[in-house]
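Peer 1: the amino acid sequence is not available; the structure is as follows:
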Ligand SMILES: [Zn+2]
């Protein structure tokens, strides 16, 4: 898989996601040393590896800006519980997690990402060293943390959890594959002191910080009575809001708060499937966010509340939510942007990835346009519409991340997928199936 140069030959379509959102036809892409070296017609075939893309649509790798990969362990558990009943049950099970379970669960999640064309993932959880090892082996880019709350599951107290979180940040600050993030679980599980310490760590290392916020009505109302502020205003009072802040969910949010997020340049992760499954009563108001030019990216949330890691599905659900009651003024292009270029902006890597352009990292997926549900393709429809409404993760044919082929023709060669799934199944107490 480690070819120094790769030529994607005669790509039928290249959905570039560049500034002009150009779609190129019958064009080649030359990849060298992990980067996109050239995009042109008829590039000579001198590369170590040539992939014929005559029937393929080529697009940027998906970016999943919020998940909890180890929660693959609990996939299919408690599907019928609303958030406020679900979370305590989950946390009770998480107390018994072992490092080995987290490592294999992360590997399984990362394999799913590769199969569904995701090349960068922001993963929010505990056991960062085990997750980092798994993400490195998988070959995707990971934004990882050791999430902090006041009554930590694996530490004596919040201070010990914060020290561990900072140690991980220090250890990975210059890593190529893993970007550390300062994370507080939420305002309802983190005190004012904890939130301030996490903010200060983020500033000290000049890294991203993130938090689940304004998820449920309960959180919103409790914040009003306890903090005398909405969740967003409360974070603002703690000087938590800036362009390096990632707010996950933001479902219960007022127009004034949205304006504030826009002013600060905060980024918002939209998790539409998970939000509906956990019965939050509201999802993030995408139309109002876009109207104020807030950067919104797409995310699956964890595999226990989704229950998969397919960003193609999130595109469709996000779009449908804005058509369910009335057709909102949101274009297919704006929806699609959330899965790549906006994801890159959210993670502060838009100069490196999120689009197919010369000089950027080669984070690329291909779709072979040979299936019944891909057709027709003509002047009455658009490829972007097909990506949102017709495709799903299983359509991905090749996944290339930073110039490494992680999946070719739906085959993953650098990891023993069968062994990993068997081991994972065994660690969950399940019988051998495959
Ligand atoms: Zn989450």
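Peer 2: Perfect, thanks for sending it. Since the structure is predicted, the reported quantities are computational estimates derived from the model, not experimental observations. Numbering: from 1, shown residues only.

Peer 1: drop to CA atoms for contacts and neighbour counts, all remaining ones
Peer 2: Will do.

Peer 1: tell me the confidence at residue 3?
Peer 2: Per-residue pLDDT puts residue 3 at 72.

Peer 1: how close does it get to residue 400?
Peer 2: If you measure residue 3 against residue 400 using C-alpha to C-alpha, to the nearest Å, the figure is 11 Å.

Peer 1: more neighbours, those two?
Peer 2: Each of residue 3 and residue 400 has its neighbours counted (other C-alpha atoms under 10 Å); residue 400 has more, 26 against 15.

Peer 1: direction included, what does the helix or strand harbouring that one pair against?
Peer 2: According to DSSP states H and E, residue 400 maps onto strand 396-401. Taking DSSP bridges as the criterion, strand 396-401 forms sheet pairs with strand 364-368 (antiparallel), strand 404-407 (antiparallel).

Peer 1: can you tell me the closest non-neighbouring residue to residue 104?
Peer 2: Spatial nearest neighbour of residue 104, chain neighbours left out: residue 424 (5.7 Å); criterion: C-alpha to C-alpha, 6 or more residues apart in numbering.

Peer 1: so residue 241 sits against residue 266, correct?
Peer 2: Yes - with contact defined as C-alpha atoms under 8 Å, residue 241 reaches residue 266; the gap is 6.4 Å.

Peer 1: those two: who's more crowded?
Peer 2: More neighbours surround residue 241 than the other of residue 241 and residue 266, with 25 against 21 (other C-alpha under 10 Å).

Peer 1: what's the pLDDT at the residue nearest to residue 104?
Peer 2: If you check residue 424, the pLDDT there is 97.

Peer 1: just the buried residues of the helix or strand in which it is found, please?
Peer 2: Element membership for residue 424 (DSSP H and E) is helix 417-427. For helix 417-427, the neighbour count (16 or more other C-alpha atoms under 10 Å) marks 420, 421, 422, 423, 424, 425, 427 as buried.

Peer 1: next, work out how far apart the most centrally placed residue in the chain and residue 256 are.
Peer 2: Nearest residue to the geometric centre of the chain (C-alpha atoms, centre = their mean): residue 64, 1.4 Å. Distance, residue 64 to residue 256, by C-alpha to C-alpha: 27 Å.

Peer 1: just checking, residue 367 touches residue 393?
Peer 2: No - if you go by C-alpha under 8 Å, residue 367 and residue 393 don't touch, sitting 9.6 Å apart.

Peer 1: these two: which is more packed in?
Peer 2: When residue 367 and residue 393 are compared for neighbours, residue 367 comes out ahead with 25 against 20, by other C-alpha under 10 Å.

Peer 1: check contacts around that one.
Peer 2: Residue 367 is in contact with 56, 57, 58, 395, 396, 397, 398, counting by C-alpha atoms under 8 Å, 6 or more residues apart in numbering.

Peer 1: can you show me the helices along the stretch 151-300 of the chain?
Peer 2: Along the stretch 151-300 of the chain, the stretches classed as helices by DSSP state H, counting those that start in this stretch are 158-172, 192-205, 217-226, 231-237, 255-264, 272-277, 286-291.

Peer 1: doesn't residue 54 lie inside a helix?
Peer 2: No - counting by DSSP: H, G, I helix; E, B strand; the rest coil, residue 54 is not part of a helix but coil.

Peer 1: so it touches residue 14, yeah?
Peer 2: No - assessed by C-alpha under 8 Å, residue 54 is found out of contact with residue 14, at 11.1 Å.

Peer 1: who's more crowded, these two?
Peer 2: Comparing residue 54 with residue 14 by other C-alpha under 10 Å, the one with more neighbours is residue 14, at 25 against 18.

Peer 1: state the pLDDT value of the more buried one.
Peer 2: 98.

Peer 1: helix or strand: which one has it?
Peer 2: Element membership of residue 14 [criterion: DSSP H and E] is strand 5-15.

Peer 1: let me know the next secondary structure element after that strand.
Peer 2: Per DSSP H and E, strand 5-15 leads on to strand 23-32 as the next helix or strand towards the C-terminus.

Peer 1: quick check: angle from that next one to strand 5-15?
Peer 2: Orientation of strand 23-32 against strand 5-15 (axes from the mean of the first three to the mean of the last three C-alpha atoms, to 10 degrees) gives an angle of 160 degrees.

Peer 1: list the pairing partners of strand 23-32 within its sheet, with orientation.
Peer 2: Here strand 23-32 has these sheet partners by DSSP bridges: strand 5-15 (antiparallel), strand 35-40 (antiparallel).

Peer 1: can you point out the buried residues in the shortest one?
Peer 2: When you say that, I think you mean strand 35-40. For strand 35-40, a neighbour-count test (16+ other C-alpha under 10 Å) marks 35, 36, 37, 38, 39 as buried.

Peer 1: what is the nearest of these to residue 87?
Peer 2: Of all these, residue 35 has the smallest distance to residue 87: 41.4 Å, by C-alpha to C-alpha.

Peer 1: quick check: that closest one vs residue 131, distance?
Peer 2: Look at residue 35 and residue 131: by C-alpha to C-alpha, they are 26 Å apart.

Peer 1: next: residue 263.
Peer 2: 34 Å.

Peer 1: what's the answer for residue 184, then?
Peer 2: According to C-alpha to C-alpha, residue 184 stands 18 Å off from residue 131.

Peer 1: next: residue 53.
Peer 2: From residue 53 over to residue 131 the distance is 34 Å, taken as C-alpha to C-alpha.

Peer 1: gap between residue 195 and residue 420?
Peer 2: 37 Å.

Peer 1: same question for residue 339.
Peer 2: From residue 339 to residue 420 the distance is 28 Å (C-alpha to C-alpha).

Peer 1: picking that back up, in terms of neighbours, single out the busier of residue 53 and residue 131.
Peer 2: residue 131 (28 against 24).

Peer 1: for that one, which three-state class applies?
Peer 2: Judged by three-state DSSP, the three-state class of residue 131 is helix.

Peer 1: what is the burial count for residue 297?
Peer 2: When neighbours are counted by other C-alpha under 10 Å, residue 297 registers 28.

Peer 1: ok, it - contacts?
Peer 2: By C-alpha under 8 Å, 6+ apart, the contact set of residue 297 is 65, 267, 268, 269, 270, 337, 338, 339, 340, 342, 343, 346.

Peer 1: just the ones in strands from these, please.
Peer 2: Members of those lying in strands (criterion: DSSP state E): 65, 267, 268, 269, 270.

Peer 1: returning to that earlier point: and the buried residues of strand 35-40, which is closest to residue 225?
Peer 2: Taking C-alpha to C-alpha as the measure, residue 225 lies nearest residue 35 of the buried residues of strand 35-40, at 51.5 Å.

Peer 1: wait, doesn't residue 169 sit right on residue 183?
Peer 2: No - the pair residue 169 / residue 183 is not scored as a contact, 10.6 Å apart, by C-alpha under 8 Å.
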